[in-house]
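Novice: no sequence on this one, just coordinates:
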């Protein structure tokens, strides 16, 4: 069966993957871009924007694993838009006319709407579903390829708690956010079901990888 | 002026430095020994117990920094004894007749008692004092050497929040404890006043070092 993967999920030292006060002009709340500076500096990220250069070391090696082999993504409502997007029938996501997903994307929401075809191969589908049911639909859409759980932290936690994740990559950034949405809540003893590796890089990031022990 | 240092403070991925349910037979609560396995495996720790062998790599290099140059320690009441020790006039600490400190040790407590001389150079003093006042007394006792803040996490946080710490070494262990006492609470933006380095080692530990920017 195909794998369920999480990549490039950035957290602070105190475990926050999103800051406090998410809004239209601040997708990550008071965290701003601080959790993602390492990522947007990579060659992988810059090339996707048609830009030259970028880091070419371990951070980039992890970043590049984001795409290959992925056939669908599942994301939370907060990754699709700011609070209130459900009330805007014209809202088409935070990701512009050509989103960087290039696959079917399943947006988990209690207020589904009709699917939206975007440029570049992304189609947004909207689901009010449990992690298990959402994964079943995403797997079918992925047609044998892997499914990425795209975040945010609440969605990631629910898939981890349901035991559905085969592989997770977390990038720990050396800042203390103090408030926001935590990744680790409710995941006591996660190390019992995952092999965990840690590697720090010269940029100051510590990459944590989790591989399900039953794979 | 002498430095204020924190060494070998172990935390889980989710930032807990002590587990839930501290008691006489479980000094670290439900965390057990899991936060300290890397430390007791080092040559430094084993040699202090008169045992041969032990790891000799980066974990040990960090561990060994615990002692040299330290002239006094400040610890919280929970590092001296389990809940209720204040009611036992004969309690002399969790650390046996020859404690591993070999210096004056200032125990912060709201119920001070007379000082206790132990074997091996350790003297316990009991203070009901603010971090600033406790540090002043510890500095005087240290006679020009550095002062170590020995933990637990509540005491460490209070000294960090008061801006009194020059150097901190945290060892992040790849487990998710889920509950206990967090290190990071109330320390938002700590990175603004500290240079932070991270290095992971083959044992899976990530050593985080904090150096005050104004030093």
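Specialist: Structure received. Only a predicted model underlies this, so the values are computations on that prediction, with no experimental measurement involved.

Novice: how about low-confidence regions in chain A?
Specialist: Applying pLDDT under 70 to chain A flags residues A:215.

Novice: quick one, helices of it?
Specialist: Counting by DSSP state H, one finds helices in chain A at the ranges A:37-40, A:43-48, A:58-64, A:77-80, A:131-142, A:153-161.

Novice: tabulate those helices (TSV), appending mean neighbour count and distance to residue B:121.
Specialist: All C-beta spots, glycine's among them, are computed from the backbone N, C-alpha and C. Shown next, in TSV, are the helices of chain A (neighbours: other Cβ atoms under 10 Å in any protein chain shown; distance: least, Cβ to Cβ, whole Å):
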stretch	mean neighbour count	distance to residue B:121
helix A:37-40	18	46
helix A:43-48	18	56
helix A:58-64	20	45
helix A:77-80	21	56
helix A:131-142	18	57
helix A:153-161	20	48
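
Novice: isn't residue A:110 right up against residue A:129?
Specialist: No - the pair residue A:110 / residue A:129 is not scored as a contact, 10.1 Å apart, by Cβ atoms under 8 Å.

Novice: neighbour-wise, which of the two wins?
Specialist: residue A:129 (17 against 9; other Cβ atoms under 10 Å in any protein chain shown).

Novice: OK, contacts around that one?
Specialist: Counting by Cβ atoms under 8 Å, 6 or more residues apart in numbering or on different chains, residue A:129 makes contact with A:108, A:137.

Novice: quickly note the distance from it to residue A:158.
Specialist: In this view, residue A:129 and residue A:158 are 11 Å apart by Cβ to Cβ, to the nearest Å.

Novice: got the contact list for the residue sitting nearest the centre point of chain A?
Specialist: Centroid check for chain A by Cα atoms, centre = their mean gives residue A:150 as the closest residue, at 2.7 Å. Residue A:150 makes contact with A:73-75, A:79, A:101, A:105, according to Cβ under 8 Å, 6+ apart.

Novice: cool, and residue A:42?
Specialist: Residue A:42 neighbours (Cβ under 8 Å, 6+ apart): A:54-55, A:59-60, A:63-64.

Novice: so which residues make contact with stretch A:192-202?
Specialist: Counting by Cβ under 8 Å, 6+ apart, A:57-59, A:163, A:168, A:206-214, B:172, B:174, B:198-200, B:204-206 sit against stretch A:192-202.

Novice: where along chain A do the strands fall?
Specialist: A:4-12, A:16-18, A:70-76, A:104-108, A:116-117, A:123-127, A:146-151, A:167-173, A:181-182, A:194-200, A:206-212 (DSSP state E).

Novice: just the ones you listed: most buried one?
Specialist: strand A:16-18 (a mean of 27; mean count of other Cβ atoms under 10 Å in any protein chain shown).

Novice: what about it, distance to the chain center?
Specialist: When C-alpha coordinates are averaged (Cα atoms, centre = their mean, to the nearest Å), strand A:16-18 and its chain have centres 11 Å apart.

Novice: any part of that strand near chain B?
Specialist: No - applying Cβ under 8 Å from any Cβ of the partner chain, one finds strand A:16-18 separated from chain B by no less than 9.5 Å.

Novice: strand partners (parallel or antiparallel) of that strand?
Specialist: strand A:181-182 (antiparallel) (DSSP bridges).

Novice: gap between the strand it pairs with and the chain center?
Specialist: 14 Å.

Novice: just stretch A:190-203 next, same as before
Specialist: For stretch A:190-203, the distance to the chain centre is 17 Å (Cα atoms, centre = their mean).

Novice: who in chain A is up against chain B?
Specialist: A:13-15, A:172, A:174-179, A:182, A:184-191, A:196-200, A:204-206, A:208.

Novice: hmm, try it at 7 Å
Specialist: Residues of chain A found near chain B (Cβ under 7 Å from any Cβ of the partner chain) are A:13-15, A:174-179, A:184, A:187-191, A:196, A:198-200, A:204, A:206.

Novice: which residues does the closest residue to residue A:170 other than its chain neighbours contact?
Specialist: Closest residue to residue A:170 apart from its sequence neighbours, by Cβ to Cβ, 6 or more residues apart in numbering or on different chains: residue A:208 at 4.4 Å. Contacts for residue A:208 (Cβ atoms under 7 Å, 6 or more residues apart in numbering or on different chains) come out as A:170, A:172, A:196, A:198.
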